[in-house]
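Student: Quick one, what's the 3D model for this:
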Amino acid sequence: MKNIGLFYGSDTGTTEMISEQIINLIGQQNVIKHDIFDTKVSDFENYDCLILGLSTWYDGELQSDWDSFFEEFQTIDFKGKKVAIFGIGDQYSYADTFVDGVGIIGKVVKTNNGILIGEWSTEGYFHDSSVAEFETGTFCGLAIDEDNQSEMTDERLKRWSKQILKEFAE
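Tutor: Model prediction:
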């Protein structure tokens, strides 16, 4: 299996915790973790398979480290790279912007020639809209709501990790 680069940003520790769970599910020997705070554009060149993780803050804003890195992120050529994205959000308090960060990052990946994998059904979520819904009924990555559906996180992570491993191998 190819090495996978997992790039995450975390203000409260939740995204980092979810990143660790994904690494454990995929296999630690296959994943190299990077905090986006310390990341350079050149770090992305080392991987053909990427997992990107972030939370959405306030009314659809990127997590602070992703926000600081965003201008540089937009310069990355993702040609030939498979990219899976997961996001943390609150579907009740921010029903109009639930996991928008996933969509913001996903749009850059698609625009810059990347292959998005890891789409996730919106079934079972209670939100009004999200820019992460590139197609109605489907997020362009995994949505996690630790505030309101934490009891569903483990199962969602297991299913999604299995899904993206298969998609990385195709």
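Student: The top helix by length along the chain: which residues count as buried?
Tutor: Using DSSP state H to define each element, the chain has its longest helix at helix 153-169. Within helix 153-169, the residues that qualify as buried are 153, 156, 157, 160, 161, 163, 164, 165, 167, 168, counting by 16 or more other C-beta atoms under 10 Å. No exception for glycine: its C-beta is placed from N, CA and C like everyone else's.
Student: Not counting its neighbours along the chain, what's nearest the third one?
Tutor: Here the nearest residue to residue 157 in space, its sequence neighbours aside, is residue 21; by C-beta to C-beta, 6 or more residues apart in numbering that works out to 5.4 Å.
Student: how about the helices in the protein?
Tutor: Using DSSP H, helices in the chain cover 14-26, 64-73, 100-111, 153-169.
Student: The third one - contacts with which helices or strands?
Tutor: Spelled out, that is helix 100-111. Packing partners of helix 100-111 (3 or more C-beta pairs under 8 Å, 6 or more residues apart in numbering; DSSP states H and E): strand 49-57, strand 61-62, helix 64-73, strand 82-88, strand 115-117.
Student: which other residues reach that helix?
Tutor: For helix 100-111, contacts defined as C-beta atoms under 8 Å, 6 or more residues apart in numbering pick out 52, 54-57, 60-63, 66, 73-74, 76, 78, 83, 85-87, 89, 116, 130-134, 139-143.
Student: any low-confidence regions in this structure?
Tutor: 1-2 (pLDDT under 70).
Student: now do the same end-to-end measure for stretch 25-39.
Tutor: Stretch 25-39 has an end-to-end distance of 24 Å (C-alpha to C-alpha, to the nearest Å).
Student: again, but for stretch 34-49
Tutor: Using C-alpha to C-alpha, the end-to-end distance of stretch 34-49 comes to 13 Å.
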